[in-house]
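Peer 1: no FASTA, just this:
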């Protein structure tokens, strides 16, 4: 009996280290292996191993095929081909290209990555309340199209997705607006496969908020609000369905070059406004929100050649880009917040434009066997 238990533990210790693609093949090896790999304990252990040991981790990036933007002098508005791909988290080697799971040839946008699941829909520039939403695990090629709702009159919409550990459920949050007086919030629950309209919207939410500046951490959606010359942080807990508002630090005097990202599972602000006091480096103010207060960290210094922050990695490296307008791409860098060390990835991101603003898309992705249902 003891020998059998030891063999099972050894087998599990070996299997949890393997990529999802290999594990899916092993489902057909024998019933014992299939039962083990399909068990909730194994799925959870495999995911935790990947995240804590940084195994089978990737950067999910939007780029042009062959990293080149098509230039047509006779047609400057030629439609650009775009591609989502995995890049190895440490070596940055290009891996699997991700076509739309439904077989559609249309470009799609990604709105969150959590425990091996990603949320996709129409790109930001055409996203609206009628856009189909899909939760997808590209590691195991399984996806789920979310049910539609009757709230299809809203023109402008933001979309956020992630796991809520407090209720052990995956949530999608839609914030929709027609004008400043018509605002709505809906929450989708994967466990019930249903949408719920939030009935009580605080009156202070009738203001501008940065649609493309938000983050989703442990089931809470965060957005930056702008009320004249006052700036605040909105939080919405998708489990308790409660809203809260917190004034931003006094040194934040503009929403321009103001970004919010997850940092050690807490919201952080990076604000590029003030002149650097060190030659060869630019400077960003850095704040972390914890215990419902803003904690001012030491400034973030980065080489002047890096142009724009995109996010913060799970290893607390600031994800940055440097634009190459001649070729219509942006070079991706990782800058260590503490040491200022710069890692060049060799990845060339696509530059997408919404209005007058350039946008870039990078997510951290951990392989898993989590099913999107």
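Peer 2: Nice, thanks for sending it over. As the structure is a prediction and not an experimental result, all values here were calculated from the model.

Peer 1: how close does residue 311 get to residue 171?
Peer 2: For residue 311, the distance to residue 171 (C-beta to C-beta, to the nearest Å) stands at 20 Å. The C-beta positions use only the backbone N, C-alpha and C, and glycine is treated the same way.

Peer 1: try residue 164
Peer 2: Taking C-beta to C-beta, one finds residue 164 at 5 Å from residue 171.

Peer 1: Now the common contact residues for those two.
Peer 2: Common contacts of residue 164 and residue 171, defined by C-beta atoms under 8 Å, 6 or more residues apart in numbering, comprise 219, 238-239.

Peer 1: Of these, which belong to helices?
Peer 2: Among these, no member falls in helices (DSSP state H).

Peer 1: neighbour-wise, which of residue 164 and residue 171 wins?
Peer 2: Each of residue 164 and residue 171 has its neighbours counted (other C-beta atoms under 10 Å); residue 171 has more, 25 against 21.

Peer 1: Within the sheet, what are the partner strands of the helix or strand hosting the more buried one, with directions?
Peer 2: Taking DSSP states H and E as the definition, residue 171 sits inside strand 169-179. Note on strand 169-179: by DSSP bridges, its sheet partners are strand 156-164 (antiparallel), strand 182-189 (antiparallel).

Peer 1: Can you tell me which of the shared contacts of residue 164 and residue 171 is closest to residue 187?
Peer 2: residue 238 (5.1 Å; C-beta to C-beta).

Peer 1: Identify the residues contacting the closest one.
Peer 2: Contact partners of residue 238, counting by C-beta under 8 Å, 6+ apart, are 164, 171, 173, 187, 219-221.

Peer 1: who does the residue lying closest to it once chain neighbours are set aside bridge with?
Peer 2: Nearest residue to residue 238, sequence neighbours excluded (C-beta to C-beta, 6 or more residues apart in numbering): residue 171, at 4.0 Å. Beta bridges link residue 171 to residue 162, residue 189, judged by DSSP bridges.

Peer 1: Can you give me every residue that contacts residue 171?
Peer 2: Going by C-beta under 8 Å, 6+ apart, residue 171 touches 161-164, 187-190, 219, 238-239.

Peer 1: and the gap between it and residue 351?
Peer 2: 30 Å.

Peer 1: my read is residue 151 is in a strand, agree?
Peer 2: No - counting by DSSP: H, G, I helix; E, B strand; the rest coil, residue 151 is located in no strand; its state is coil.

Peer 1: Surely it touches residue 184?
Peer 2: Yes - the criterion here is C-beta atoms under 8 Å, and residue 151 meets it with residue 184 at 6.2 Å.

Peer 1: Of those two, which one has the most company?
Peer 2: Shown here are residue 151 and residue 184; by other C-beta under 10 Å, residue 184 has more neighbours (18 against 15).

Peer 1: And the pLDDT for that one?
Peer 2: Residue 184 carries a pLDDT value of 85.

Peer 1: how much space is there between the residue lying closest to it once chain neighbours are set aside and residue 128?
Peer 2: Using C-beta to C-beta, 6+ apart and skipping residues adjacent in sequence, the residue nearest residue 184 is residue 176, 4.8 Å away. Distance from residue 176 to residue 128, counting by C-beta to C-beta: 8 Å.

Peer 1: Comparing the two, which residue is more hemmed in?
Peer 2: The neighbour comparison of residue 176 against residue 128 (other C-beta under 10 Å) goes to residue 176, with 20 against 14.

Peer 1: from memory the more buried one sits against residue 157, does it?
Peer 2: Yes - between residue 176 and residue 157 there is a contact under C-beta under 8 Å: 4.7 Å.

Peer 1: Am I right that residue 36 is in a strand?
Peer 2: No - the assignment for residue 36, made by three-state DSSP, is helix rather than a strand.

Peer 1: Next up, the contacts around it.
Peer 2: Residues in contact with residue 36 (C-beta under 8 Å, 6+ apart) are 8, 11-12, 15, 42.

Peer 1: Please indicate which of those are buried?
Peer 2: Buried members of the contacts of residue 36, scored by 16 or more other C-beta atoms under 10 Å, are 12, 15, 42.

Peer 1: so where's this protein uncertain?
Peer 2: 1-6, 67-80, 152-156, 178-181, 207-212, 306 (pLDDT under 70).

Peer 1: Could you pull out the helices in it for me?
Peer 2: Going by DSSP H, the chain shows helices at 2-15, 20-26, 31-38, 40-52.

Peer 1: Could you dump those into JSON lines with distance to residue 331 added?
Peer 2: Converted to JSON lines, those look like this (distance: least, C-beta to C-beta, whole Å):
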{"stretch": "helix 2-15", "distance to residue 331": "38"}
{"stretch": "helix 20-26", "distance to residue 331": "29"}
{"stretch": "helix 31-38", "distance to residue 331": "39"}
{"stretch": "helix 40-52", "distance to residue 331": "27"}
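
Peer 1: anything in contact with each of residue 151 and residue 184?
Peer 2: 176, 197.

Peer 1: count of neighbours near residue 106?
Peer 2: Based on other C-beta under 10 Å, the number of other residues close to residue 106 is 9.

Peer 1: hmm, back to that, shared neighbours of residue 176 and residue 157, which are they?
Peer 2: Joint contacts of residue 176 and residue 157 (C-beta under 8 Å, 6+ apart) are residue 129.
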